[in-house]
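In: got a sequence here, can you model it:
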Amino acid sequence: MNKVEIYVETIANSGIYEPLDLFDDEKVTLKYIFKRYDDISKVFTSFSRTFTVPADGRNKLLLKNFLEPEVKRTADSRFLNCKLIVNRILKQGKINIVGGKQKKGRTNIYTLAFSTGV
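Out: Numbering: from 1, shown residues only. As a prediction, the model looks like this:
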């Protein structure tokens, strides 16, 4: 079983990261793709398939209450700096808030994706 941890930067460019709460059975699948062959520093990038996290109080705070109807956000606020750790291997990149599910008008699940190439 893979151990997954996801940390989100609390304030942009502050270097301060806090962990997201995860579902016990959630899987994060990373894919590696060939991006550009003319610049060796950009040959590979990684991204994940979408995955879900609970929209509990902690995650809503860290994800800036993104899907709550009373909170106005820009498209740029969908991407947050993050650290993804899978089995003690660190990947830094961005979390993209893809969407979520609501129950009784309140967000109860966030759908996220990770990328190193954003």
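In: where does this protein dip in pLDDT?
Out: 1, 29-48, 66-77, 117-118 (pLDDT under 70).
In: in it, which spans are helices?
Out: Per DSSP state H, the chain carries helices over the ranges 57-62.
In: just the strands in it please.
Out: According to DSSP state E, the chain carries its strands in the segments 4-9, 17-19, 30-34, 44-48, 51-54, 79-86, 89-103, 106-115.
In: helices and strands around the longest one, which ones?
Out: With contacts defined as 3 or more CB pairs under 8 Å, 6 or more residues apart in numbering; DSSP states H and E, strand 89-103 has these neighbours: strand 79-86, strand 106-115. C-beta here means a position set from N, CA and C on the backbone, and glycine is covered the same way.
In: who's in contact with L80?
Out: By CB atoms under 8 Å, 6 or more residues apart in numbering, the contact set of L80 is 8-9, 63-64, 94-95, 97.
In: try it again at 6 Å.
Out: Each residue near L80 by CB atoms under 6 Å, 6 or more residues apart in numbering is listed here: 8, 95.
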